[in-house]
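K.L.:
would you be able to build a 3D model of this:
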Amino acid sequence: MYTQFFNFKEKPFNLTPDPRFLYLSPGHQEALASMIYGIKEKRGFISIIGEIGIGKTTLLHTLFKELGDEVKTIFIFNTKISFTELLQNILTELDVKPAGDNKTALINQLNEYLIARLAENEIVALIIDEAQNLFPEVLEELRMLSNLETPKEKLLQIVLVGQPELDSILRTHTLRQLKQRIAINCYLTSLNREDQIKYIVHRLTIAGHRGNQVFSPGALDLICKHSRGIPRLINIFCDNALLTAYGREQTRVDVDLMKEIINDYEQSKLSPVEDTTPPLPERGERKLSVAKVLLITVLIFLNILLAFLLGLNFKSTPGSFSLLLKSLVSQLRSSAPEKHSSDEATPPVTRQPPTQIPIPMQQENTLPAGETITRDSQPEVAGVSPDHPEPTAQPLPAPSDESAAPVHASSEPSPRVISAKAGDIISELAAREYGTFNDTIFDIIKRANPEIKDLNLIYIGERVILPPLDIQSLIIQEDDGNFSVHLATFPAGTYGRKLQNTFANNNYQVTLRPVTLLGNQTWERATLGNFPDRASAIEYFSALEMDDTLLLFPVADIHRDLRSKRSTY
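P.N.:
Here you go, the predicted model:
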């Protein structure tokens with residue numbers, strides 16, 4: 001619609017994964033180069049992790065183009081399938097007719113195909129998008145495909161592409177063998193402000209734009225701030241702004257128009273339209289209602305007939321019929337299943353889409369009834385084994401609300417205490433409390449629960465503190481008594497060094513410290529500064545003049561809020 005108005009050849013901000021529009025930020029360029037290297041050098045497993053809308057699928061389509069005909073690629077994007085179905089899909093993509101549904105036979109078919117391709121000096125790569133949705137048992141069996149190898153090289157190269165949940169799943173105890181086999185790990189991060197501007201200009205240029213700037217500097221600032229460096233959000237903001245500008249015959253998107261677009265988008269995310277249509281009764285309930293009506297009719301007729309046979313005079317006793325009906329209704333109610341009284345008093349709840357996070361269930365550890373535990377005497381373990389000694393049980397004072405209770409009463413946001421139930425794991429508890437989870441949130445929870453040595457392992461009845469994600473949760477008292485600000489936590493050897501160097505270029509001191517969150521694996525905690533007290537740390541962090549896109553959730557949001565409050569004074 002607006003392409004001719006702005007002299008574009010095509011729409012610049014479509015949400016389709018067109019490789020022509022891919023802007024290779026340093027992170028995306030590194031991920032693409034790593035995938036090409038890992039596949040051509042036959043390194044086996046490769047993982048690419050990135051947030052929703054960061055550009056993973058577009059990167060994959062660029063990868064297919066770069067690999068060309070010298071690599072046979074199998075692209076799997078429907079991942080809610082069994083391992084047998086996965087094998088069948090792989091063979092179908094390779095133009096090999098699957099031999100039934102016997103896993104052994106299917107693996108043998110695949111092995112024969114791979115050996116034949118090796119003889120022709122061809123490479124075969126399996127790329128799985130949305131890999132975080134794979135069932136844990138499928139991931140474990142997928143590891144077995146890496147056993148298809150010669151003494152010198154892997155026959156099948158496997159690239160797992162997914163959201164941060166995939167990284168958390170791979171770190172669970174049951175998948176530790178698969179995690180160890182991943183030769184190359186890449187983490188796609190959001191674009192910083194400079195790359196966001198380049199991204200917008202790049203897409204406008206590819207679409208054929210020439211001439212004056214379409215977006216004013218102020219409008220670009222708003223896009224960079226509210227998109228958080230996520231390319232998909234940039235596309236949404238820009239496309240809606242161009243469409244609105246076209247409708248108003250504005251040749252340039254200014255600050256006021258951009259504010260309107262962003263406000264409309266964020267309002268739609270915060271205030272979803274409620275469905276006020278009353279839900280239809282379940283099929284079984286409708287049948288039961290019809291049966292009740294029929295039963296009442298029959299019983300009334302029989303009771304009237306019985307009354308006449310017994311000589312009951314309705315004229316002389318006008319209340320007898322109503323009493324009879326009340327008696328019948330009370331009998332029917334007493335025969336119906338009882339409902340808890342709280343059901344009738346429950347207020348209507350705004351419907352919101354659930355957060356779907358596929359997390360593997362861990363083995364339960366049960367304690368004697370009525371007991372809770374502390375971790376004082378518990379050995380540090382990465383998982384549960386049948387012969388693992390049971391920790392000494394120490395009773396803790398039970399909170400007033402078993403599922404969640406405040407640690408203390410205060411005007412400040414209070415931590416919540418969760419009494420762990422069967423099947424609970426930290427990632428699910430965090431997702432329920434905060435709406436998402438990542439390594440930084442894991443680390444915040446770990447610092448609030450120092451007695452939990454391994455976040456993979458919590459016990460039924462154990463109390464887990466979930467602190468509020470505010471500035472206080474980011475302040476750390478170090479061993480020397482001084483204080484620092486928790487900026488982020490990453491797997492060791494990934495993004496930590498890059499973050500440290502970026503802050504150093506802006507004259508900010510960032511320290512990387514090794515920490516253990518799950519099992520025996522090591523992460524890096526990035527902290528800012530060295531302050532004599534909490535107040536100094538908070539003041540310094542709130543005055544920090546850095547692009548929020550360099551930080552991750554929840555640190556970026558906390559910093560933005562502090563800066564906003566500071567600017568109002």
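K.L.:
give me the buried positions along the helix or strand Gln88 falls within.
P.N.:
Secondary structure from DSSP states H and E places Gln88 in helix 83-93. Within helix 83-93, the residues that qualify as buried by neighbour count (16 or more other CB atoms under 10 Å) are 83-84, 86-91. Quick note: C-beta positions are derived from backbone N, CA and C, even for glycine.
K.L.:
and stretch 120-133, by the same measure?
P.N.:
Buried residues in stretch 120-133, counted by 16+ other CB under 10 Å: 123-133.
K.L.:
mark which of these are part of strands, please.
P.N.:
Those of the buried residues of stretch 120-133 mapping onto strands are 123-128, per DSSP state E.
K.L.:
flag the shaky bits of the stretch 201-350 of the chain, pLDDT-wise.
P.N.:
For the stretch 201-350 of the chain, residues meeting the criterion pLDDT under 70 lie at 269-350.
K.L.:
rerun that using 90 as the cut-off
P.N.:
Counting by pLDDT under 90, the stretch 201-350 of the chain has low-confidence residues at 209-213, 264-350.
K.L.:
helices of the stretch 1-150 of the chain, residue ranges please.
P.N.:
Counting by DSSP state H, counting those that start in this stretch, the stretch 1-150 of the chain has helices at residues 26-40, 56-67, 83-93, 103-119, 136-145.
K.L.:
from the contact counts, what lies against the shortest one?
P.N.:
It refers to helix 136-145. Helix 136-145 sits against helix 83-93, helix 103-119, strand 156-162, helix 164-170, helix 176-181, with contacts defined as 3 or more CB pairs under 8 Å, 6 or more residues apart in numbering; DSSP states H and E.
K.L.:
now that helix - C-alpha only, PDB.
P.N.:
Taking Å, rounded to 0.1, in the frame of the first residue of the first chain, the C-alpha atoms of helix 136-145 are listed here in PDB:
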ATOM      1  CA  PRO A 136      13.600 -34.500  26.300                       C
ATOM      2  CA  GLU A 137      13.500 -38.200  25.300                       C
ATOM      3  CA  VAL A 138      13.800 -37.200  21.600                       C
ATOM      4  CA  LEU A 139      16.800 -35.000  22.400                       C
ATOM      5  CA  GLU A 140      18.400 -37.900  24.200                       C
ATOM      6  CA  GLU A 141      17.800 -40.300  21.300                       C
ATOM      7  CA  LEU A 142      19.000 -37.600  18.900                       C
ATOM      8  CA  ARG A 143      22.400 -37.900  20.700                       C
ATOM      9  CA  MET A 144      22.500 -41.500  19.400                       C
ATOM     10  CA  LEU A 145      22.600 -40.200  15.800                       C
END
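K.L.:
what comes up buried for it?
P.N.:
Buried residues in helix 136-145 (16+ other CB under 10 Å): 136, 138-143, 145.
K.L.:
one step back: kindly indicate which of the buried residues of helix 83-93 lies nearest Ile76.
P.N.:
Checking these against Ile76 with CB to CB, the nearest one is Asn89 at 6.0 Å.
K.L.:
bridging residues for Tyr524?
P.N.:
Quick fix: residue 524 is Glu, not Tyr. Phe490, Pro514 (DSSP bridges).
K.L.:
contacting residues around it?
P.N.:
489-494, 496, 512-515 (CB atoms under 8 Å, 6 or more residues apart in numbering).
K.L.:
okay, who's weakest in those by pLDDT?
P.N.:
The lowest pLDDT within the contacts of Glu524 belongs to Thr494, with 69.
K.L.:
hey, which helix or strand in this structure has the poorest pLDDT?
P.N.:
Using mean pLDDT, DSSP states H and E, helix 341-345 stands out as the lowest-scoring helix or strand of the chain, at a mean of 38.
K.L.:
which stretches in the stretch 351-500 of the chain count as helices?
P.N.:
Under DSSP H, counting those that start in this stretch, the stretch 351-500 of the chain gives helices at 426-434, 439-448, 471-474, 496-505.
K.L.:
right, so of these, which gets closest to Leu166?
P.N.:
With distances scored as CB to CB, the stretch of those nearest to Leu166 is helix 426-434 (11.8 Å).
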